[in-house]
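Student: got a structure for you, letters missing:
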Ligand SMILES: Nc1ncnc2c1ncn2[C@@H]1O[C@H](COP(=O)(O)OP(=O)(O)OP(=O)(O)O)[C@@H](O)[C@H]1O
């Protein structure tokens, strides 16, 4: 049986509207496991971002239980150009979380950054380059390397393919699947695109009317 990564039990989430509370999620329960890609779909305004904010600990107005069995997730965003600091080199960007975490020498940080570039199939020469010098697909590979560099096994991906053209999308899908299999990474993959979700995910959480319905074995 695969290890649990995240469990939600009976989660209700709210936003304050003046003196009132507006409920956005109602009795949401599900479990994510290592090495599994789960889609999170639903119409605009159905509560996908709210659910992600709860999981990331950014929204405190909820009740129910959210249990993390591993380190909290790292995010990959829709637009890697905006999520990567344009003033810093790729090497600097990749090493930053290691600096914050501590415990690595300068040489070890560089070695890890270069190893991560190789793991996402980027040439190590990109170490000294800047985000603007990379293609959209290369930038998204850097975002994936950045998410994984501190050893997290849980990635929350918010529409990570929608800014890419179809060929590049297919390459990133192949990379995400490869990492899922080789490193048992667990993804919660937020998307509007049901084709992409059915290609990538084994399970889907469908948000509607504040509730989650789960569809297994796509
Ligand atoms: N900060 C906030 N204060 C009050 N209401 C909010 C806030 N953020 C979101 N909402 C409301 O909560 C509901 C869910 O919004 P949410 O952003 O989670 O939906 P979503 O599924 O992520 O939408 P989209 O696909 O458009 O990003 C919507 O009705 C939205 O208007």
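Tutor: All right, it came through fine. Here the structure is a predicted model, which is why all the values come from computation and not from measurement.
Student: Report the distance from the lengthiest helix in the chain to the chain centre.
Tutor: As assigned by DSSP state H, the longest helix anywhere in the chain is helix 166-183. How far helix 166-183 lies from its chain's middle: 13 Å, per C-alpha atoms, centre = their mean, to the nearest Å.
Student: Tell me the bridge partners for the most centrally placed residue in the chain.
Tutor: The residue lying closest to the centre of the chain (C-alpha atoms, centre = their mean) is residue 156, at 2.2 Å. Going by DSSP bridges, residue 156 is paired in beta bridges with residue 75, residue 188.
Student: What pLDDT is listed against it?
Tutor: Model confidence at residue 156, given as pLDDT, is 95.
Student: which residues touch it?
Tutor: Residues in contact with residue 156 (C-beta atoms under 8 Å, 6 or more residues apart in numbering) are 52, 55-56, 73-76, 187-188, 190. Placement of C-beta: from N, CA and C, glycine included.
Student: ok, now with 6 Å
Tutor: 52, 73, 75, 188 (C-beta atoms under 6 Å, 6 or more residues apart in numbering).
Student: can you check residue 39 too?
Tutor: With C-beta under 6 Å, 6+ apart, residue 39 has these contacts: 189, 197, 201, 204.
Student: Among those residues, which ones are in helices?
Tutor: residue 197.
Student: What residues does the protein have near the ligand?
Tutor: Counting by C-beta under 6 Å from any ligand atom, the chain comes close to the ligand at 15, 24, 42, 44-50.
Student: TSV for those, including secondary structure?
Tutor: Formatted as TSV, the residues of the chain next to the ligand follow (DSSP: H, G, I helix; E, B strand; the rest coil):
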residue	secondary structure
15	strand
24	strand
42	strand
44	coil
45	coil
46	coil
47	coil
48	helix
49	helix
50	helix
